[in-house]
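[1] Sharing a model that was predicted from the sequence below.
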Amino acid sequence: MNKIIAEVKVASCQQYEKQEVEKSMTNIIKDLFQKSKFEKGDRILIKPNILRKASLQSGTTTHPVILECVIEALLGSGLEVTIADSPGGSKSNTLTEFLEICEATGIVDITKKYPSVKLAFINAGIREGKFIIYRNLRDYDKILNIAKLKTHILTYFSGAVKNIFGLVPGKHKLDYHAKFPQRRAFSKFIMELFDHITPTYNILDGIIGMEGDGPSKGSSKYAGVLLGSNNGFAVDEVAMGLTGLNSLKCLYMKDNLEIKLEGDLPSKTKFKEPITAMRGVNLCYYLENIERFNNLPIPLIKENYCVGCGTCMKICPESAIQIIKNVPRIDYDKCIKCYCCYELSGCKAIELRVK
Ligand code: SF4
Ligand code: SF4
């Protein structure tokens, strides 16, 4: 297989303080402009990670200071900027819910500070080949991916590559979970989707990331790093290397990358793997089906924490959850272990447990 040479800019950064972030990002921003070949008046779509309502300290979403630094550079060069996303959630995400998430994650403050920056809620799709993606995506000249460094209970890691799944409108995201119930097939889909969309440039916010059961139920963890590259797979490979995660366990990765690192490397930080991480990579490569249904944890309802709101039922792509007398019941014959209920319900009433 032909090797692909990818350059990754790396910068240490200790905190989300505007001046410090700006200084740390100097080479990444320079590289962003060199690689993106912007033309005056270009319309830029920024795809952050705004998965759900979460505090900035939780390490769930792209920090607004990172977005601000990039946006100031783009606006200063006469470019038009739109921030767009489809947060995780139910089949019927509304604009109101989207705006609440944007408020909680600092995105609304950015649009107030920079009034020319637009906000787009991705709720309608169009088919392109085998993918259904944001209907207006091709109205933009360049796509800029500004992701968060996190572990992921389904795909092992969530960085630049997985972030692009947010360019699929909400309802269709759940359909894809149902269509590709096995981890390997879903990861392959994510890899192909990223290749299809191919953002112009990828920045990874890893000052504070998430370890354990990410992308929303893990614990925040300091890694003190910012990464940038026009190759999203290379960004994720470097991020996993710096956090002691094993990229062989992340099934959407490519194995033909030759990475050239440039910059100021922070010291390594060891991130905890998600509970679903494969134990023996090579064995599981061949036993994916058996592993999936015999060894992976199942979602369980802790009734004393449950308020019977029904969110988990609306989220489940397989309709495996029914609310009976105000209590969710999971049909494990239907459950594909996508963990959307656990990840996105926003309650403490769902846990994962190995049978
Ligand atoms: S498990 Fe959570 S999301 Fe589901 S009904 Fe109970 S509180 Fe709501
Ligand atoms: S019950 Fe939860 S883990 Fe199982 S298919 Fe539904 S959303 Fe996915």
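    Arrived safely. Ligands and ions are numbered 1, 2, ... in the order given.
[2] which residues touch stretch 10-26?
    For stretch 10-26, the external contacting residues (Cβ atoms under 8 Å, 6 or more residues apart in numbering) are 27-28, 56, 63, 65-66, 68-70, 207-208, 224-228, 238, 261-266. Where you see a C-beta, it was placed from the backbone N, CA and C, and this is true even at glycine.
[3] Let me fix that, I meant to ask about stretch 318-327.
    Counting by Cβ under 8 Å, 6+ apart, 178, 181, 301, 303, 306, 308, 310, 312-313, 328-332, 334-336, 338, 341 sit against stretch 318-327.
[4] Go again with 7 Å.
    178, 303, 306, 308, 310, 312-313, 328-331, 334-336, 341 (Cβ atoms under 7 Å, 6 or more residues apart in numbering).
[5] on that earlier part again, I'd like to know which of the contacts of stretch 10-26 are buried.
    27-28, 56, 63, 65-66, 68-70, 207-208, 224-228, 238, 261, 263, 266 (16 or more other Cβ atoms under 10 Å).
[6] Now, these that are in helices?
    Asn27, Ile28, Val65, Ile66, Glu68, Cys69, Val70, Val238 (DSSP state H).
[7] which one among these gets closest to Glu39?
    Checking those against Glu39 with Cβ to Cβ, the nearest one is Val70 at 17.6 Å.
[8] Tell me how far that closest one lies from Thr151.
    As judged by Cβ to Cβ, to the nearest Å, Val70 and Thr151 stand 24 Å apart.
[9] next one: Pro266
    Pro266 is 18 Å from Thr151, by Cβ to Cβ.
[10] And the furthest pair within the ones in helices among the buried ones among the contacts of stretch 10-26?
    Glu68 and Val238 (23.7 Å).
[11] any chance of the ones in helices among the buried ones among the contacts of stretch 10-26 in CSV, with distance to ligand 1 and pLDDT too?
    CSV is the format used below for those (distance: Cβ to the nearest ligand atom, whole Å; pLDDT from 0 to 100):
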residue, distance to ligand 1, pLDDT
Asn27, 44, 98
Ile28, 38, 98
Val65, 32, 98
Ile66, 31, 98
Glu68, 33, 98
Cys69, 36, 98
Val70, 35, 98
Val238, 36, 97
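[12] For stretch 207-217, C-alpha coordinates in PDB please.
    Presented in PDB, the C-alpha positions along stretch 207-217 are these (Å, rounded to 0.1, in the frame of the first residue of the first chain):
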ATOM      1  CA  ILE A 207      -5.900  21.100  26.200                       C
ATOM      2  CA  ILE A 208      -8.500  19.300  28.300                       C
ATOM      3  CA  GLY A 209     -10.000  16.200  26.700                       C
ATOM      4  CA  MET A 210     -12.000  13.200  28.000                       C
ATOM      5  CA  GLU A 211     -10.900   9.800  29.100                       C
ATOM      6  CA  GLY A 212     -12.900   6.700  30.000                       C
ATOM      7  CA  ASP A 213     -16.400   6.400  28.700                       C
ATOM      8  CA  GLY A 214     -16.300   9.300  26.300                       C
ATOM      9  CA  PRO A 215     -17.600  11.100  24.300                       C
ATOM     10  CA  SER A 216     -20.000  12.400  27.000                       C
ATOM     11  CA  LYS A 217     -19.800  10.100  30.100                       C
END
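[13] List the contacts of it.
    13, 15-16, 51-52, 54, 59-60, 63, 148-153, 158, 218-224, 226, 271-272, 274-275, 342-344.
[14] What average pLDDT does that stretch get?
    Mean pLDDT, stretch 207-217: 96.
[15] of all the residues in this protein, which ones are close to ligand 2?
    299, 315-316, 318, 320-321, 330, 335-341 (Cβ under 6 Å from any ligand atom).
[16] Compare the residues you listed and tell me which is most surrounded.
    Compared across those, Cys316 has the highest neighbour count, 28 neighbours, by other Cβ atoms under 10 Å.
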